[in-house]
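Peer 1: pasting the structure only:
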């Protein structure tokens, strides 16, 4: 079984501040982990993914995430928020023979000028 | 290389009518997934299909909803006798054929926003 929890349905930061979006997962086998971003009225697009090659994963738009097995976490960070980062962010997990990823409920990132 | 295409982008139906949502996966992808998204509820899996086969429909309501992915043509999600509660954004995603399947990200279409009046 697999599940993912995103802590905080809304995160608000000032432009230029650090972005931290939290994701914790549960999986009985080594997982694959993903972060997707959804802009208003659009579909989801992949930001980055972890497939066991390296624990620190760099994605598009300056985002990165670190896989921490001991904490079962895969938090998303960006050193300096930009107004264009305002969007909904989804963490997802899939594992083993599962064809179907499990998505978190999403975190809405709000960026203040 | 065209991405995942969905049409229509917006669909308005009266209660009791049928809604047909279409999805063309990315070229070379033969796995299609349908999701429903409601405000504040995230993405809910509905059905997973490969060409001519339904692999997993555990997230699909037992009545009024059906999906297909024929050998030729797009995947179709069909909702019969729509009710107001069916109003939502419906997303299609595709992924390539290969193993292990769990490692592959999904490519999403722009969604169809269904409004039932």
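Peer 2: Yep, that arrived. Source: prediction; values computed, not measured. Numbers count the residues shown, from 1 in each chain, chains lettered A, B, ... in the order given.
Peer 1: residues of stretch A:72-79 that come out buried?
Peer 2: Of the residues in stretch A:72-79, A:72, A:73, A:74, A:75, A:76, A:78 count as buried by neighbour count, 16 or more other Cβ atoms under 10 Å in any protein chain shown. Every C-beta, even on glycine, is put in place using the N, C-alpha and C of the backbone.
Peer 1: tell me which parts of chain B are close to chain A?
Peer 2: B:4, B:6, B:31, B:33, B:35, B:40-43, B:45, B:48, B:55-56, B:91, B:93, B:100-103, B:105-111, B:113 (Cβ under 8 Å from any Cβ of the partner chain).
Peer 1: Could you pull out the strands in chain A for me?
Peer 2: A:2-7, A:10-14, A:19-27, A:31-38, A:44-50, A:56-58, A:64-68, A:73-78, A:87-95, A:102-103, A:107-112 (DSSP state E).
Peer 1: With distance to chain B added, can I get those in CSV?
Peer 2: As requested, the strands of chain A are exported to CSV (distance: least, Cβ to the nearest Cβ, whole Å):
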stretch, distance to chain B
strand A:2-7, 9
strand A:10-14, 10
strand A:19-27, 10
strand A:31-38, 5
strand A:44-50, 4
strand A:56-58, 12
strand A:64-68, 14
strand A:73-78, 14
strand A:87-95, 4
strand A:102-103, 4
strand A:107-112, 9
